Structures are given as C-alpha cells and as structure tokens.
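> output the structure for:
(chains A, B, C and D)
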Number of protein chains: 2
Amino acid sequence: MPTDPDFSLDEVDRQILAELQQDGRMTNVELARRVGLSAPPCLRRVRRLEEEGIIRGYHAELDPVALGYEITFFALVGLESQKEAVLSAFEGAVKEWPEVRECHMIRGGGDFLLRLVARDTAHENALTSRLTAAPEVARVQTLQTIRTAKDAAGVPV
Amino acid sequence: MPTDPDFSLDEVDRQILAELQQDGRMTNVELARRVGLSAPPCLRRVRRLEEEGIIRGYHAELDPVALGYEITFFALVGLESQKEAVLSAFEGAVKEWPEVRECHMIRGGGDFLLRLVARDTAHENALTSRLTAAPEVARVQTLQTIRTAKDAAGVPV
DNA sequence: GCTCGGTGCGCAATATCATTGCTCGACCCG
DNA sequence: CGGGTCGAGCAATGATATTGCGCACCGAGC
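Residues are numbered from 1 along each chain as shown, chains lettered A, B, ... in the order given. The predicted structure is shown next:
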C-alpha cells in the first residue's frame, strides 16, 4: 500500500505539505522557519512524507503558451463498448499521445474525460479527428477552455 | 507581458524545462550534469526561465487520499445567463470554495467545467447541492472519476 | 513515585550546493 | 581584421542539506 489513510499527520506535517504544495523549491531552512522547527527535524519530516508517498514528487509549473501550446481543451469521449479490454486499449492508446495530459474514466461505463493541449486550432481539430477515428470511439464532445478562473493543483491542506 | 511566445528557447532550455517538470527539486548540480552544462550557466538559465515566467513555480504533488480526499470529480455547470457580471460572480464564488480546484469557462457561454475533491460521497453530494443551489446556476452534471489512466501535469516538452 | 523505553527536538560538524565575479573563446558585424 | 556581444567555465565564498549525538518529554509498568 503506497498510501495509508493514516492519521499520522499532525499540524506541523500539514503545514509542511501546504508550504511545499505552494512552493516546492523552498529551502529546508526557510520551511523550518515557517513551521517553527529547526532544520534537521523539519527535513526528517519531509523525508518521511516522501517515503510514505504522501508527497509524490515535485514539479515545475510551466507556461503552456511559452512552449507553443495556445489551447487547452477537454474532450468527453464515449466508447461503443464497456468491455474492460476495450477500455484498457483506449487508455493505453491515448496514454501514448503527448497532447493528452489527463485521462479519467467517468461514470464507470464507457466514458472518458480527457484534458489535452494543442498548438493552434488546426492542431486541435487534428486531435479531435484522431480521437473520433480511434477504434471503438462512438462520440467525442470537445469542451474548449475560454478562460480559467482558478487552476489550483493538488488538494486543500 | 508575462510570457512571450518567444522563440528564445534552445534545446538546452527545453531539456531543463523537461527535467524540472519531472523533478522540480533536482539540485542545480544534477540538472547541469544532465543537460551537459556546468552549474553556473545552468543556474543562470533556470533563473532566466523563472524571470520570464516560463517557469511559473514549483509545487509538491500530494496524495489526495492520504489527506482525506477520497473522491475527485468534475462538474459541468450551466448558468442561466451569459452576462459577464453573472459569469464573474460565479467564478468569484467558486474560487472561494477550497474543494473547487479548477474552474474553466468553456464554449464562451454560460458553461463551466470544474474539478473538485471531496472527502466522501456525502461530502460530494453536499458540494453538488451547493452548486445547484448557487444563484444563476441552471444545471449541474457531475462526472465522477472512476479511475485515472494518465495524469500528467503541464505540457509536453 | 520511580524507572524504562520510545519519540522527537535542537545543537554542532561536515559535505554538498548555490551564487557571484571574472576570464576566455566563439561568433557576428562592420 | 578589430571591436563588441553572448554565453560558457573556473574559482572562491556563503548558504544549505545532512548526519550523529545528547537531552527533554511522555506513557507504561512496577
């Protein structure tokens, strides 16, 4: 079990998680200062959180536009079958597409919600067509993102 | 201008971005080694990428379940009006809800796609009810996440 | 009331890292 | 061919991460 629904998180742990979720590159010295600990026990707590899988990793957040991805959109994809083999095949296929950033199965059936990025509208259309043309895909509804009011990673702490 | 659709990114820059997107806490020494630079110029490039807003920040990725959030779901929300004041009011309201992690306006009209987290199904139901009861909300369709095949943050580099 | 573990903190020392100033070579333009 | 710019590497310094150790606190059992 990578993660226990364990209650081994005290107030200091939660504060550490909140700080690192907001700024994952904070130095341990600064983190320790903020949570009111000295550096060594603070670092030991961070290591423990990492080892227990509560902290899964650290990531730089990049600007999609600067990297040439002007468009973020979602796609609701319905498959023709709900057989596990078909579902897995679809997941495996889109996992290989770099433009597909997230793939969530929803409602237990043959439906998926995908988040994708595209360089421009032509690229977006190509991706949508590629989805529609994929085997077993019955319908595709794209949800174009116009503007994003909130985009907080992770969870409240 | 926070971000230029600038072509000032060479191959080394892209490699730096890819590495930091994957492991945002990598030491500069290690990063330099991987991209084939010595530490100082590597650090200077990272600083430049940060200052130009191409790197927006760094975040720890936390395990929602370990923090008591068993459920992630999406909600398609339709408003009764497309007036800008109504849209903004809705955005402003859900921005204050900690369980709402993302809020995207879609299709330019009165529709939003939200990503939410909930502690359990009761909590999820309460959130859905709260959405439905919000002013100007015409309809709410929840998309429960059954399983996630891919969840890559950011963009391909 | 007292002792025995167990747990978790702070201190101090050392290895590692980040950061700065400087020099040097490659390249471009006149 | 000479001045200018850009970016890399080297070396030195300050800051940080990391480890080992001793001490205080807390609960259980006698």
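
> show me what contacts residue A:93?
For residue A:93, the contacting residues are residue A:134, by CB atoms under 8 Å, 6 or more residues apart in numbering or on different chains. (C-beta placed from N, C-alpha, C; glycine too.)

> which SSE is it in?
Residue A:93 is located in helix A:84-95, with elements delineated by DSSP states H and E.

> check chain A for the residue nearest DNA strand D and tell me.
Closest contact between chain A and DNA strand D, by CB to the nearest atom of the strand, is at residue A:28 (3.1 Å).

> how many neighbours does the closest residue to that residue other than its chain neighbours have?
In space, and not counting its chain neighbours, residue A:28 is closest to residue A:43: 5.0 Å by CB to CB, 6 or more residues apart in numbering or on different chains. A count of neighbours around residue A:43, defined by other CB atoms under 10 Å in any protein chain shown, yields 15.

> A helix includes residue A:43, no?
Yes - secondary structure of residue A:43 (DSSP: H, G, I helix; E, B strand; the rest coil): part of a helix.

> so the residue of chain A closest to DNA strand D touches residue A:45, yeah?
No - Residue A:28 lies out of contact with residue A:45 (CB atoms under 8 Å); the separation is 10.0 Å.

> more crowded one of those two?
residue A:45 (21 against 13).

> isn't the more buried one up against residue A:16?
Yes - counting by CB under 8 Å, residue A:45 does reach residue A:16; the two are 5.9 Å apart.

> show me where chain A has its helices.
A:11-22, A:28-35, A:39-51, A:84-95, A:121-133 (DSSP state H).

> so can I have CSV of those showing mean pLDDT?
Formatted as CSV, the helices of chain A follow (pLDDT from 0 to 100):
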stretch, mean pLDDT
helix A:11-22, 96
helix A:28-35, 97
helix A:39-51, 96
helix A:84-95, 94
helix A:121-133, 96
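
> just name the most buried of those helices.
For these, the largest average neighbour count (mean count of other CB atoms under 10 Å in any protein chain shown) is found in helix A:11-22, namely a mean of 18.

> report whether that helix contacts DNA strand D.
No - Helix A:11-22 lies out of reach of DNA strand D by CB under 7 Å from any atom of the strand, never closer than 11.2 Å.

> so which elements touch that helix?
Where contact means 3 or more CB pairs under 8 Å, 6 or more residues apart in numbering or on different chains; DSSP states H and E, helix A:11-22 is packed against helix A:28-35, helix A:39-51, strand A:55-62, strand B:55-62.

> tally up the residues packed near residue A:137, please.
For residue A:137, using other CB under 10 Å, the count is 18.

> can you pull the pLDDT of it?
pLDDT recorded at residue A:137 is 95.

> is it true that it touches residue A:77?
Yes - the pair residue A:137 / residue A:77 is scored as a contact, 6.0 Å apart, by CB under 8 Å.

> which neighbours do those two share?
A:90, A:131.

> what number of residues lie near residue A:53?
Residues near residue A:53, counting by other CB under 10 Å: 16.

> around DNA strand C, which positions in chain A sit nearby?
Near DNA strand C, when you scan chain A using CB under 7 Å from any atom of the strand, you find A:12, A:36, A:37, A:38, A:39, A:40, A:41, A:44, A:45.

> now do 6 Å
Contact residues (CB under 6 Å from any atom of the strand) of chain A with DNA strand C: A:37, A:38, A:40, A:41.

> measure the second one to residue A:23 for me?
Separation of residue A:38 from residue A:23 (CB to CB, to the nearest Å): 20 Å.
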